[in-house]
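**Q** everything below, folded, please.
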Amino acid sequence: MDFFYNDFDICLTKTIDSLKLLLYKRHSDIFERLDFDDDDIYQDPLLFAYVTQKDDKWLDYLIYGYEKNPKKKIEVFTNKKGIIYISKIGYFITNLISCELILENKNGRFILFDSSGNSVNFNFEPIFYLAEQIELIKTHHPLLECMFVNNDGEIVDVEINNIAEKHIDHFNNALAVIKKHYFDYFTLLRKNVKKVLMYHGEPYSFASIQGHNMIFLNVSNEDDEIFFLDHILHEGSHVVFNTLTYDTKIDLFTIPFKSPISDFTKNPQDHGEVYGRFHGMFTQSNINICFETCIENNIFNTRQHHELMGRFSSNMKRFNASVEKFNLPLLYKEEGVKWYTFFKNRCAELTKRNRETIYSLDVSNQPYVFSYEIFNKTNS
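**A** Have a look, this model is predicted:
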């Protein structure tokens with residue numbers, strides 16, 4: 001088993017304790033309201049989003065479903081679709097866009113009011129869980145909107161409502177494959193990935209420390225189990241690596257971890273922050289091990305197997321390129337050397353075992369997001 005498995009639970013506890021501390025510094029009565037020992041509370045991505053912004057108005061709304069003794073009335077906020085989402089409670093669907101309302105629990109029945117005391121009509125939908133009790137988020141939350149930015153850094157609207165409906169089985173089937181064929185790593189994903197949001201638009205699929213313990217998947221109608229296998233592993237690995245390096249990312253490099261990588265390579269074509277780019281090698285270390293096993297065991301049908309081969313070839317070529325780019329001994333402190341050595345060795349082992357598969361396929365014309373249509377034309 002890889003070295004980081006032994007460290008994971010310790011790192012996870014430190015991440016949870018850090019959030020608890022941030023909440024306590026901001027609200028000294030927080031543990032009178034929330035169970036200090038219920039760590040599931042402190043893995044809610046919305047609480048990470050809360051502590052990275054300054055407005056206290058969100059707190060009652062965010063912790064309502066977790067409180068020991070919930071308030072009878074709280075202020076809540078509809079999103080751009082008129083929907084209020086509350087963790088552990090569900091969705092209140094109104095026709096009021098981006099509004100502040102009052103939610104009251106009256107004798108076990110929810111009631112919504114506007115600022116003038118007028119009753120607001122709504123439909124209610126309960127929380128929905130995918131396999132393994134991973135929650136599917138079915139709408140946007142206002143605190144997460146700032147993470148959806150295009151290549152120019154501008155916040156953009158994305159389509160979320162109803163996007164996930166046709167992909168629930170695809171997600172669950174892909175997760176079952178990871179559980180069966182890469183079980184040790186599945187246990188880390190299960191401990192760390194609590195919520196999933198599927199959308200269509202910009203940006204690419206991602207994970208972010210601002211919404212820690214959550215993955216954001218940019219899906220299209222044609223995507224199936226192969227897409228989800230790739231991206232559960234990919235975005236889930238970002239979440240896992242954020243946990244593993246939550247306290248130690250400042251000890252990885254001899255330059256600040258948020259520095260542009262071009263500051264070190266002196267190549268203006270090298271985009272992104274050094275820590276973010278370093279993340280990529282961890283994702284590839286785990287995606288490609290699982291892909292290799294799935295290919296060896298022929299677990300998908302012919303078309304899906306063909307796509308998996310293409311994604312494997314593309315990923316492995318990117319993995320090799322990243323390992324070569326990060327072969328920068330002066331970049332690393334001791335912690336960084338440990339990780340880079342692991343990435344380099346994992347890449348070399350995978351390449352040695354699968355050289356013919358990797359280099360017999362042409363993925364030179366692939367865009368950033370893998371396209372099976374393009375791959376199939378070149379490698380029919």
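**Q** ok, then the element right after the lengthiest helix in the chain?
**A** The longest helix of the chain (DSSP state H) is helix 334-360. Counting by DSSP states H and E, the element after helix 334-360 in chain order, helix or strand, is helix 372-378.
**Q** list the buried residues in the least confident helix or strand in the chain by mean pLDDT.
**A** None of the helices or strands of the chain scores lower by mean pLDDT, DSSP states H and E than helix 262-265, at a mean of 80. Judged by neighbour count using 16 or more other Cβ atoms under 10 Å, the buried positions of helix 262-265 are F264. Any C-beta I mention is one placed from the backbone N, CA and C, and that applies to glycine too.
**Q** with just CA atoms, put the helix or strand just after that helix into PDB.
**A** Next helix or strand after helix 262-265 toward the C-terminus (DSSP H and E): helix 274-296. Taking Å, rounded to 0.1, in the frame of the first residue of the first chain, the C-alpha atoms of helix 274-296 are listed here in PDB:
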ATOM      1  CA  VAL A 274       3.000  25.400  -8.700                       C
ATOM      2  CA  TYR A 275       0.900  23.600  -6.100                       C
ATOM      3  CA  GLY A 276      -2.100  23.300  -8.500                       C
ATOM      4  CA  ARG A 277       0.100  21.800 -11.200                       C
ATOM      5  CA  PHE A 278       1.700  19.500  -8.600                       C
ATOM      6  CA  HIS A 279      -1.700  18.200  -7.800                       C
ATOM      7  CA  GLY A 280      -2.000  16.900 -11.300                       C
ATOM      8  CA  MET A 281       0.600  14.200 -10.800                       C
ATOM      9  CA  PHE A 282      -1.300  12.900  -7.800                       C
ATOM     10  CA  THR A 283      -4.500  12.600  -9.800                       C
ATOM     11  CA  GLN A 284      -2.700  10.700 -12.600                       C
ATOM     12  CA  SER A 285      -1.000   8.400 -10.100                       C
ATOM     13  CA  ASN A 286      -4.500   7.200  -9.100                       C
ATOM     14  CA  ILE A 287      -6.500   7.500 -12.400                       C
ATOM     15  CA  ASN A 288      -4.100   5.400 -14.300                       C
ATOM     16  CA  ILE A 289      -3.600   2.600 -11.800                       C
ATOM     17  CA  CYS A 290      -7.400   2.000 -11.900                       C
ATOM     18  CA  PHE A 291      -7.600   2.300 -15.700                       C
ATOM     19  CA  GLU A 292      -4.800  -0.200 -16.000                       C
ATOM     20  CA  THR A 293      -6.700  -2.700 -13.900                       C
ATOM     21  CA  CYS A 294      -9.900  -2.200 -15.800                       C
ATOM     22  CA  ILE A 295      -8.200  -2.700 -19.200                       C
ATOM     23  CA  GLU A 296      -6.500  -5.800 -18.000                       C
END
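**Q** mind listing what's buried in helix 274-296?
**A** By neighbour count on 16+ other Cβ under 10 Å, the buried set for helix 274-296 is 274-275, 277-292, 294-295.
**Q** just checking, what packs against the helix or strand that comes right after that helix?
**A** Once helix 274-296 ends, the next helix or strand along the chain (criterion: DSSP H and E) is helix 302-325. Applying 3 or more Cβ pairs under 8 Å, 6 or more residues apart in numbering; DSSP states H and E, one finds that helix 302-325 makes contact with helix 225-244, helix 274-296, helix 334-360, helix 372-378.
**Q** average pLDDT across helix 302-325?
**A** The average pLDDT within helix 302-325 is 97.
**Q** what sits up against that helix?
**A** 224-226, 229-230, 265, 270, 277, 280-281, 284-285, 287-288, 291-292, 294-295, 298, 300, 343-344, 347, 350-351, 354, 357-359, 361, 363, 366, 370, 372, 375-376, 379 (Cβ atoms under 8 Å, 6 or more residues apart in numbering).
**Q** if you set the cut-off to 7 Å instead, what comes out?
**A** Residues outside helix 302-325 that contact it (Cβ atoms under 7 Å, 6 or more residues apart in numbering) are 224-226, 230, 280-281, 284, 287-288, 291, 294-295, 298, 300, 343-344, 347, 350-351, 354, 357-358, 361, 363, 366, 370, 372, 375, 379.
**Q** ok and that helix relative to helix 334-360, angle-wise?
**A** Using axes from the mean of the first three to the mean of the last three Cα atoms, to 10 degrees, one finds that helix 302-325 and helix 334-360 are set 140 degrees apart in direction.
**Q** could you check helix 302-325 and say which residues are buried?
**A** Using 16+ other Cβ under 10 Å as the test for burial, helix 302-325 gives 304, 306-320, 322-323.
**Q** and for stretch 213-222?
**A** By neighbour count on 16+ other Cβ under 10 Å, the buried set for stretch 213-222 is 213-219.
**Q** same check, this time on stretch 55-64
**A** 58-64.
**Q** in helices, which of those appear?
**A** Residues of the buried residues of stretch 55-64 located in helices (DSSP H): 59-63.
**Q** tabulate those residues (CSV), appending distance to S87 and pLDDT.
**A** Output for these, formatted as CSV (distance: Cβ to Cβ, whole Å; pLDDT from 0 to 100):
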residue, distance to S87, pLDDT
L59, 12, 97
D60, 12, 97
Y61, 9, 95
L62, 7, 98
I63, 8, 98
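**Q** tabulate these in JSON lines, adding columns for distance to F31.
**A** Formatted as JSON lines, those follow (distance: Cβ to Cβ, whole Å):
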{"residue": "L59", "distance to F31": "13"}
{"residue": "D60", "distance to F31": "16"}
{"residue": "Y61", "distance to F31": "19"}
{"residue": "L62", "distance to F31": "15"}
{"residue": "I63", "distance to F31": "11"}
